[in-house]
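*Asks:* sequence first, then the predicted structure:
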Amino acid sequence: MISTKNGTIEKFIQLAKKRNPHQPEFIQAITEVAHSIIPYIEEHPEYEKTNILERIIEAERIIIFRVPWTNDNGQCMVNRGYRIQMNNAIGPYKGGLRFHPTVNLSILKFLAFEQVFKNSLTTLPMGGAKGGSDFDPKGKSDNEVMRFCQSFMNELYRHIGPNTDVPAGDIGVGGREIGYLFGQYKRLSNKFTGVLTGKGFAYGGSLIRPEATGYGLLFFVEEMLKTIGEKIKGKKVVISGSGNVAQYAIEKTIQMGGIPLTASDSDGFIYDIDGIDKDKLAFIMELKGVHRGRISEYAKKYNVPYYKGEKPWKIPCDIALPCAVQNELEEKDAKLLVKNKCKLVAEGANMPTTIEAIKYLQSKNILYAPGKASNAGGVATSGLEMSQNSIRLSWSRNEVEDKLQHIMQNIHNQCVHHGEKVDGTIDYMKGANIAGFVRVADAMLAEGHV
């Protein structure tokens, strides 16, 4: 690497762009990490001389395959399947599968890259990966989803295993899909192993796994607030999304005494000025999990405002939790949050905040946590599920939740250790990036040029 005096960061990003053309999401993830890591590397020549960062941004293996399946009309359909095995320096590849029409190589590479750092932060033995397909489960029958999942696993099974690569769920891949995928893996391999996480409790899943990302997010927020002597109780919380992460972020907010005000989907958002309570949350869970309906139905049932085609960031709040999709919180949204006296932004989704929005939030001294730290609860509990599968035991709900809280507290401590500034404030992005990097980089150095 050339010295930062000669523009190391920009040259590194340009090199990444040249080698990964037309992959904006992946370049965005690399750019965000490079600004934290390259100055750190220059202070530690053992990383610089071995080109560690150049190696980390290069996937160890990329698998792309055809997924033919038959719809209910007997017509043969074709989708594309992917698995990005990014880095296994500290453990088997680990990361979710996403089924969504927007899935492409750039999105999966950014997710896999982020997963490397996120998994490292948990301190559990897990490498980083991601995968999925441009298949859309919405509007499909259970039988169509089953046939697709079985066809997808027909190729994926040869690339995964409990000590090789352990996929999980993500957008479009919930308990139903994991069940179909696991069933087909068993048929093909003739093995019952912990090859997938997010399984149903009856066949090897872990308690708290569905809740883990949302719960972990609030445990992290709780630690952030402690640094300024505050608590969640009584705080107004704006949350985007209405899927798994958002639902359990709302649930844990309620349990901690906060007031969740919003939920959203791709069509718009609802604003409940009285706060979403347990009964209202139960309605959202049934609406989304059973009926697969739209959040606008909440507005009709509870007679609250619905903002079609809008995002919830204009609602005054103390805490903002983006839990939907990447780049949903832009600079103009960050300005609205600051204007409305928001104190804290923590990511429940993967890279939901643009680089420009992050810079603005940080310039205004808003507490900001990147997803690789604040939403690591999901993969942390997947790691706990792997442990339970290995020892053929199941821990109680309280045991798993206690372990999850401890992991999130430890992640927060790592961020403080590497991100605390001279004035006592904390750069969580810098802290998370460096903490995640060091563990992976040290393992790669110890293992040689891998």
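*Replies:* Cool, got the structure.

*Asks:* and the longest helix anywhere in the chain, what does it pack against?
*Replies:* Counting residues, the longest helix found in the chain (DSSP state H) is helix 397-419. With contacts taken as 3 or more Cβ pairs under 8 Å, 6 or more residues apart in numbering; DSSP states H and E, helix 397-419 sits against helix 212-226, helix 371-374, helix 377-391, helix 428-447. Just so you know, the C-beta spots here come from the backbone N, C-alpha and C atoms, and that holds for glycine as well.

*Asks:* highest mean neighbour count out of these?
*Replies:* Per residue and on average, the most neighbours among these fall to helix 371-374, with a mean of 29 (mean count of other Cβ atoms under 10 Å).

*Asks:* okay, it in PDB with CA atoms only?
*Replies:* Provided in PDB are the C-alpha atoms of helix 371-374 (Å, rounded to 0.1, in the frame of the first residue of the first chain):
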ATOM      1  CA  GLY A 371     -25.100  -3.000  11.400                       C
ATOM      2  CA  LYS A 372     -22.000  -5.100  11.600                       C
ATOM      3  CA  ALA A 373     -22.100  -4.300  15.400                       C
ATOM      4  CA  SER A 374     -25.700  -3.500  16.300                       C
END
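
*Asks:* how far off centre is that helix?
*Replies:* 7 Å (Cα atoms, centre = their mean, to the nearest Å).

*Asks:* one step back: so which of the helices and strands packed on helix 397-419 comes closest to Pro312?
*Replies:* helix 212-226 (16.0 Å; Cβ to Cβ).

*Asks:* report the angle between the closest one and helix 377-391.
*Replies:* Helix 212-226 runs at 120 degrees relative to helix 377-391, counting by axes from the mean of the first three to the mean of the last three Cα atoms, to 10 degrees.

*Asks:* give the partner strands of the following helix or strand past helix 212-226 in its sheet and their orientations.
*Replies:* Using DSSP states H and E, the helix or strand that follows helix 212-226 in sequence is strand 236-239. Strands that pair with strand 236-239, judged by DSSP bridges, come out as strand 259-260 (parallel), strand 319-321 (parallel).

*Asks:* just give me the neighbour total for the nearest residue to Lys335 once chain neighbours are set aside.
*Replies:* Nearest residue to Lys335, sequence neighbours excluded (Cβ to Cβ, 6 or more residues apart in numbering): Tyr360, at 6.5 Å. Other residues near Tyr360 come to 21 when the count uses other Cβ atoms under 10 Å.

*Asks:* likewise Gly234?
*Replies:* Neighbour count for Gly234, taken as other Cβ under 10 Å: 10.

*Asks:* how close does it get to Val173?
*Replies:* Using Cβ to Cβ, to the nearest Å, Gly234 is found at 36 Å from Val173.

*Asks:* how far away is Thr193 from Gly229?
*Replies:* Using Cβ to Cβ, Thr193 is found at 47 Å from Gly229.

*Asks:* can you list the weak-confidence ranges in the stretch 101-250 of the chain?
*Replies:* Along the stretch 101-250 of the chain, no part satisfies pLDDT under 70.
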